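**Student:** give me coordinates for this.
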Amino acid sequence: MMGKHWTVVQVPAQAERLHALRSLVHEQATAYGFMPGCVDDLVLAVNEACMNVIQHGYRGAAGLLELGVSTSAEGIEFRIRDHAATVTLDDWRPRDLDDLRPGGLGVHFIRQIMDEVAYLPTPDGTGNLLSLKKHRPGRETAS
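**Tutor:** Numbering: from 1, shown residues only. So this is what the prediction gives:
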């Protein structure tokens, strides 16, 4: 995570350890100026992405999650780094929204909340580096 300034936190890939990552997202998004409802949405999106890594990437095995946060004039970016099996956005298969049951909606939430979602190359070619971007409040999206 080179170039611009990143605030980075690393935790074991365990659901009970995600509070540190949620706190970082909340703190950084609030400091950036997002409204409370949007801050909550950003916390949800990052938490869902991390839970997907824990459940589907590491599949209960030991591992690490690293969350980097960076802000710029354009908005805020979250990068989630793991060392699980490599995936692509094509691997994201959201459940049909008509299938009413608990769980399985994380991908829908992430795509609905974030303005940009992409996998980036990892420095060593292993694992995954997921980029989640939210544009600055009031900023038009560049197409």
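
**Student:** tell me where the protein has strands.
**Tutor:** Taking DSSP state E as the test, the strands found in the chain are 7-12, 64-71, 75-82, 116-120, 128-135.

**Student:** against which helices or strands is the helix or strand of the chain with the lowest mean pLDDT packed?
**Tutor:** The weakest-scoring helix or strand in the chain, judged by mean pLDDT, DSSP states H and E, is helix 106-113 (a mean of 89). Helices and strands touching helix 106-113, by 3 or more CB pairs under 8 Å, 6 or more residues apart in numbering; DSSP states H and E, are helix 36-52. No exception for glycine: its C-beta is placed from N, CA and C like everyone else's.

**Student:** list the helices and strands the helix it packs on packs on?
**Tutor:** On a contact count with 3+ CB pairs under 8 Å, 6+ apart, helix 36-52 meets helix 19-32, strand 64-71, strand 75-82, helix 106-113, strand 128-135.

**Student:** now the residue positioned nearest the centre of the chain, nearest residue through space, not along the chain?
**Tutor:** Nearest to the geometric centre of the chain sits residue 46, at 3.5 Å (CA atoms, centre = their mean). Excluding the flanking residues, the one nearest residue 46 by CB to CB, 6 or more residues apart in numbering is residue 25, at 4.9 Å.

**Student:** cool, and residue 53?
**Tutor:** Once flanking residues are discounted, residue 53 sits nearest to residue 82: 4.8 Å by CB to CB, 6+ apart.

**Student:** you'd agree that neighbour is up against residue 12?
**Tutor:** No - contact criterion CB atoms under 8 Å: residue 82 and residue 12 do not qualify, at 11.4 Å.

**Student:** tell me, what's touching those two both at once?
**Tutor:** The contact sets of residue 82 and residue 12 overlap at 63, 64, 65 (CB atoms under 8 Å, 6 or more residues apart in numbering).

**Student:** top of those by neighbour count?
**Tutor:** Counting neighbours by other CB atoms under 10 Å, residue 65 comes out on top of the shared contacts of residue 82 and residue 12 with 25 neighbours.

**Student:** quick check: it vs residue 5, distance?
**Tutor:** Distance of residue 65 to residue 5, computed by CB to CB, to the nearest Å: 20 Å.
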